[in-house]
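*Asks:* What follows is a predicted structure for the sequence shown.
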Amino acid sequence: MESHAIILTKAAFDHGNLNIRTCGPNFFPEGIFGGSTQDKLGEQITIKADGLPNLIKTDIPTDATTGRPRWLFRERAWVKTFVRVHRLAKGDLVIIRKVGNRAYSIAPSEPQSLDVSLNQQIHSPFRYAGGKFYARKLILEHIPEHSYYIEPFAGGASIFFAKREAQKNWLNDIDKDLMNCFIIIRDYPECLIDRLKNEVATKERHGWYKNVYKPVTKLDHAVKWFYINRTSYSGIMFMKNCYWGYHDKYSMRPENWPQQILKCSHKLKNVKLTTLDFEKVIDKAEDNSFLFVDPPYFNADQDKFYKHSFKKSDHFRLCKVLEKNSKRLKFLLTYDNIPEVREMYKWATDLHEKEWNYTLNRTDDQRKNAPSRKGSRYKGQELFIVNYNSAKQPNLF
């Protein structure tokens with residue numbers, strides 16, 4: 001039977017409001033939408049709420065002004081009892097299932113399902129140029145046990161989403177638009193989902209968001225950033241080199257965006273999100289923290305990919321601050337495998353040469369500007385630089 005995850009917000013505890021917008025209109029039967037008042041009921045459904053003795057009968061009211069669905073159940077006094085019985089908290093997930101004709105059930109997400117969200121591999125909500133999606137398994141093999149996990153250059157945070165969540169987590173990136181989108185996903189996932197719910201992935205919409213749409217609020221900025229990122233080639237967000245790059249076969253489809261946003265929101269709960277200079281993050285890290293450090297490549301033509309340039313002096317500054325803190329922190333640093341980097345980090349405990357395969361899938365727009373064919377396979381080659389004994393570690397998936 002079809003089911004949907006609902007993330008509990010403060011409104012559920014204060015007013016009994018379950019935000020069911022992510023379920024979409026097709027999840028519910030025709031006629032369920034009633035008027036704005038009790039004397040204009042729609043055709044009711046029944047809900048069996050786990051832990052409660054009585055069936056709930058309810059419809060979904062519409063707004064008195066716009067006539068649009070309010071996306072909450074009209075009958076909602078039971079919600080406060082439901083969350084109290086199950087000792088649920090803000091940010092927890094509940095699952096609503098369609099179990100028959102006009103019949104539904106609702107229950108807390110099972111513990112093992114929550115464990116998947118928090119402690120097992122999920123994908124980043126973003127595509128990100130220079131991200132470590134294809135190298136995740138190799139990187140996880142070298143990550144030691146830790147209680148505090150920090151990324152000074154988060155980017156798409158593929159490693160954070162791939163690994164088991166630590167007791168404390170801190171994601172940082174100098175890109176304010178990127179981190180604003182992470183914050184909206186963490187704190188207001190339903191608002192982002194609501195704004196994206198009717199979107200389609202087309203070259204015209206991509207061009208509109210890129211060249212016409214003028215965001216005002218932080219939510220507006222997150223909507224623009226998310227849409228362009230998910231539909232651009234390789235997730236490149238430097239607008240001068242940001243091209244349409246969506247393909248139904250290789251890209252996450254818009255109808256799957258809500259579920260991915262909810263999963264990522266759940267894992268981001270209680271994660272510290274900042275936009276500091278990397279040096280401040282490293283200096284402020286608690287003793288015994290583990291840092292996954294993934295700066296721009298030393299020899300990369302990064303002006304094509306990122307809004308914020310990373311100068312040669314920044315590479316040397318990074319090396320200096322890591323060496324200064326190397327006695328109290330553990331780090332795994334990824335870099336291009338070149339003599340300059342080897343010389344800079346000759347003081348480190350170990351340098352591992354790593355290689356992995358990845359695929360570039362281009363649309364017609366990118367093929368005009370590059371010789372690579374759709375589906376071309378490449379090899380990623382980097383150094384993993386560590387300041388600890390990095391023999392293969394316990395599985396952190």
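*Replies:* In hand now; what should we look at?

*Asks:* For the rest of this, base every contact and every neighbour count on C-alpha atoms.
*Replies:* Noted.

*Asks:* pLDDT below threshold where in the stretch 1-150 of the chain?
*Replies:* 1, 110-120, 130-131, 133 (pLDDT under 70).

*Asks:* What ranges does it have for its strands?
*Replies:* Along the stretch 1-150 of the chain, the stretches classed as strands by DSSP state E, counting those that start in this stretch are 3-7, 45-49, 56-58, 93-100, 103-108, 148-151.

*Asks:* among those, which is the most enclosed?
*Replies:* Of all those, strand 148-151 carries the top mean neighbour count, a mean of 23, counting by mean count of other CA atoms under 10 Å.

*Asks:* contact partners of that strand?
*Replies:* Taking CA atoms under 8 Å, 6 or more residues apart in numbering as the criterion, the residues outside strand 148-151 that touch it are 157, 166-172, 285-286, 288-294.

*Asks:* Please repeat the previous calculation with a cut-off of 6 Å.
*Replies:* By CA atoms under 6 Å, 6 or more residues apart in numbering, the surrounding residues in contact with strand 148-151 are 166, 168-172, 289-293.

*Asks:* Which of the residues you listed are buried? Put it as a PyMOL command.
*Replies:* Selecting in PyMOL just the buried members of the contacts of strand 148-151, where the criterion is 16 or more other CA atoms under 10 Å, is done with this command:
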select buried, resi 166+169+170+171+172+289+290+291+292+293
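
*Asks:* Any idea which of the contacts of strand 148-151 the model trusts least?
*Replies:* Among those, Ala166 carries the weakest pLDDT, at 94.

*Asks:* before we move on, back to that, kindly reformat the contacts of strand 148-151 as TSV and extend each row with secondary structure and distance to His4.
*Replies:* As requested, these are exported to TSV (DSSP: H, G, I helix; E, B strand; the rest coil; distance: CA to CA, whole Å):
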residue	secondary structure	distance to His4
Ala166	coil	27
Lys168	strand	29
Asn169	strand	28
Trp170	strand	29
Leu171	strand	28
Asn172	strand	31
Ser289	coil	37
Phe290	strand	35
Leu291	strand	35
Phe292	strand	34
Val293	strand	36
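
*Asks:* Nearest to Glu190 among the contacts of strand 148-151?
*Replies:* For Glu190, the nearest member of the contacts of strand 148-151 is Leu171. The distance, counting by CA to CA, is 21.7 Å.

*Asks:* Count the neighbours of Tyr335 for me.
*Replies:* Close neighbours of Tyr335, defined as other CA atoms under 10 Å, add up to 20.

*Asks:* residue contacts, it?
*Replies:* In this structure, Tyr335 makes contact with 297, 382-383, judged by CA under 6 Å, 6+ apart.

*Asks:* three-state assignment of it?
*Replies:* Counting by DSSP: H, G, I helix; E, B strand; the rest coil, the backbone at Tyr335 sits in strand.

*Asks:* re earlier: list only those of the contacts of Tyr335 flagged as buried.
*Replies:* In terms of neighbour count (16+ other CA under 10 Å), the buried residues within the contacts of Tyr335 are 297, 382-383.

*Asks:* so the closest residue to Asn54 other than its chain neighbours bridges to which residues?
*Replies:* Closest residue to Asn54 in three dimensions, ignoring its sequence neighbours and counting by CA to CA, 6 or more residues apart in numbering: Lys48, at 7.3 Å. Here Lys48 shows beta-bridge partners Ser105, assigned using DSSP bridges.

*Asks:* what about Lys48, distance to Lys197?
*Replies:* In this view, Lys48 and Lys197 are 27 Å apart by CA to CA, to the nearest Å.

*Asks:* Could you report the neighbour count for Ile193?
*Replies:* By other CA under 10 Å, the residues close to Ile193 number 19.

*Asks:* Just want the angle from the one helix or strand it maps to to strand 3-7.
*Replies:* Counting by DSSP states H and E, the element that carries Ile193 is helix 189-196. Regarding helix 189-196 and strand 3-7, their directions subtend 120 degrees when assessed with axes from the mean of the first three to the mean of the last three CA atoms, to 10 degrees.

*Asks:* Following the chain past helix 189-196, name the next helix or strand.
*Replies:* Secondary structure here is assigned by DSSP H and E; on that basis, the next helix or strand after helix 189-196 toward the C-terminus is helix 203-211.

*Asks:* Buried by neighbour count: which residues of that next one qualify?
*Replies:* In terms of neighbour count (16+ other CA under 10 Å), helix 203-211 has its buried residues at 205-206, 209-210.

*Asks:* ok, now stretch 138-153?
*Replies:* 139-144, 148-153.

*Asks:* Dump those into TSV; add distance to Asp350 as well.
*Replies:* Listed next are the buried residues of stretch 138-153 as TSV, based on distance: CA to CA, whole Å:
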residue	distance to Asp350
Ile139	14
Leu140	16
Glu141	14
His142	11
Ile143	13
Pro144	14
Tyr148	22
Tyr149	20
Ile150	20
Glu151	20
Pro152	21
Phe153	21
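
*Asks:* Now the phi/psi pair for the residue nearest to the spatial centre of the chain, please.
*Replies:* Nearest residue to the geometric centre of the chain (CA atoms, centre = their mean): Pro125, 3.4 Å. Pro125 adopts backbone torsions of phi -70, psi -10, taken as degrees, to the nearest 10.

*Asks:* dump the residue contacts of Glu382.
*Replies:* Contacts for Glu382 (CA under 6 Å, 6+ apart) come out as 335-337, 354.

*Asks:* would you turn the residues you listed into a markdown table with distance to Ile185?
*Replies:* Written out in a markdown table, the entries for the contacts of Glu382 read as follows (distance: CA to CA, whole Å):
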| residue | distance to Ile185 |
| --- | --- |
| Tyr335 | 29 |
| Asp336 | 31 |
| Asn337 | 35 |
| Lys354 | 33 |
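
*Asks:* And those, which is closest to Gln121?
*Replies:* Using CA to CA, Lys354 is the member of the contacts of Glu382 that sits closest to Gln121, with 21.2 Å.
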